[in-house]
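Peer 1: Fold the stuff below for me.
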Amino acid sequence: MWVCLCPLPGLAQILQSVPTIAAPASTPAHEIYGLSLFVLLITGSIFVAVGGLLTFVIVKYRVRPADPLHEPAQVYGSTQVELAWTVIPVLIVVVLFLTTARIIFAIQDAPKPASALDVTVIGHQFWWEFRYPKLGIVTANELHIPASTRFEPAPTYLHLLSADVDHSFWVPQLAGKTDLIPNHPNDMWLDPQSAGLYLGQCAQFCGIEHAKMLLRVYVDPPEQFASWVAHQKQPANEPATQPGSQDPVSAGRHVFESQACVNCHTISGTVAKGTFGPDLSHLMSRSTIAAGAALNTPQNLSSWIQDPNTLKPGALMPAMQLSIDENVQVVAYLETLH
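Peer 2: Numbering: from 1, shown residues only. I've put the predicted structure just below:
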C-alpha cells in the first residue's frame, strides 16, 4: 500500500515536532486521517443542518408582541417525518460502520512483504524496550526504523508485548493506537515515507508516571539506518577496569559493576546482564533518558542516578545513594557508552 503525501515543507516541520494526526507520514496514518475527515464531513454536515434548522425555527416562530396568546395548532404524528428521522440516521450509521470496518481490515490484513523489518516492542513501567530479533539489537525508548519508498518498500512490523500492566503504543503520525496487554500479544505496522523524528507516548494509563512514558521514533534514510544498525551491533566502548585507579572513567566502571546497577541493566561485554531496566550498551547514542522525560546530558544523568524522582516522580528505579565522587565517576563512565 502506498499513499503519497506532499504537504507544505514549513507545515510539515511544525507538525512533525508534536504528536498529531493532522500530518500523516505512514500508510496506516493516512488511512486513519482520511477516515477522520470523512467522519468529520458527515457529522459536520449534520451539525450545520440541525443548527441551521434550529436557528430558522427560533427566529421565524419566536413570540412577537402582536401575536395572539393562544396555543398553536398541534400536529399529532407524521409518517413521512418519522420515516425520515429513522431511516436517515440508520443509513448514516451503516455508512460509517462499513467505512470504518473497511479501513480496519485494510490495515490489519495488509500482506507482510519479505523486506519487512521486525521489531519486538515491550512495554514496562515506565519505559519502552525495542528488540530487533533478526539484527541482534536491543535498545530502549528511541525506536529507529528505515524510511519506505514506493520503489523500495521497507515497512516495519511491530510485535507488541507487555512486561507488567496494560500499555498502549501510539505515534499519531505513523499509525493508530494499539494496546500492549499482558499475555495477549498484538501486532501493528508502519511504513513512513518521510525521514525525521516522530513523537508519541503510551496512551493507556499504566501508573503514576504514565504521562512521562514517551516515545521517539527516528525514521532514517536507508543508508543512515544501515549505519545505525552497524553501530548498535558493536560492543560497548568499554575502558579497562583498574580497581583503585584515579581515572574517573575506570573508577566509574568499577562503581557501576560493584553496585546493584548490574542487576537491572545490561552493558555488552561486561558483567552487567540485568533485564529489568533499559540496556545501556549504547546509552549516549540516545537523545533522551527516562523514556524521553529529560535530555541526555551529564547534568540530567547525574540527577537521575542520584535520585530519579527529581526528573520522574514515581519512577521504579531506586535512588542509588552514591557519594558525590562516585556519582561523578559513574556519569563519566556512562558517557563513554556510545
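Peer 1: Which element, helix or strand, includes the nearest residue to residue 211 once chain neighbours are set aside?
Peer 2: Closest residue in space to residue 211, ignoring its immediate chain neighbours: residue 201 at 7.6 Å, by CB to CB, 6 or more residues apart in numbering. For glycine as for every other residue, the C-beta is placed from the backbone atoms N, C-alpha and C. In the assignment (DSSP states H and E), residue 201 maps to strand 196-202.
Peer 1: Show me what that strand is packed against.
Peer 2: Applying 3 or more CB pairs under 8 Å, 6 or more residues apart in numbering; DSSP states H and E, one finds that strand 196-202 contacts strand 167-170, strand 214-220.
Peer 1: Buried deepest among those strands, which one?
Peer 2: Comparing the helices and strands packed on strand 196-202 by mean neighbour count (mean count of other CB atoms under 10 Å), strand 167-170 ranks first with a mean of 24.
Peer 1: List the buried residues in whatever helix or strand residue 95 lives in.
Peer 2: Following DSSP H and E, one finds residue 95 within helix 79-108. Across helix 79-108, burial judged by 16 or more other CB atoms under 10 Å covers 103, 107.
Peer 1: Now do it: distance to the chain's middle.
Peer 2: Here helix 79-108 is found 31 Å from its chain centre; the criterion is CA atoms, centre = their mean, to the nearest Å.
Peer 1: Quick one: mean pLDDT for that helix?
Peer 2: For helix 79-108, mean pLDDT is 93.
Peer 1: I'd like the next helix or strand past it.
Peer 2: strand 117-124.
Peer 1: Quickly run through the sheet partners of that following strand, with directions.
Peer 2: Applying DSSP bridges, strand 117-124 is found paired with strand 127-132 (antiparallel), strand 156-162 (parallel).
Peer 1: what residue ranges in the protein score low on pLDDT?
Peer 2: Counting by pLDDT under 70, the chain has low-confidence residues at 1-17, 237-245.
Peer 1: one more time with 80
Peer 2: Scanning the chain for pLDDT under 80 picks out 1-18, 67-73, 75, 150, 236-246.
Peer 1: Which segments of it make up each domain?
Peer 2: 14-52+81-225, 248-334 (automatic domain parsing).
Peer 1: Break down this structure into its helices, ranges please.
Peer 2: 9-15, 27-60, 79-108, 222-233, 248-258, 261-264, 298-306, 324-334 (DSSP state H).
Peer 1: what angle do the last one and helix 298-306 make?
Peer 2: Read it as helix 324-334. Interaxial angle, helix 324-334 versus helix 298-306 (axes from the mean of the first three to the mean of the last three CA atoms, to 10 degrees): 120 degrees.
Peer 1: got it, and the second one?
Peer 2: Put simply, helix 27-60 runs at 90 degrees to helix 298-306, going by the same axes, to 10 degrees.
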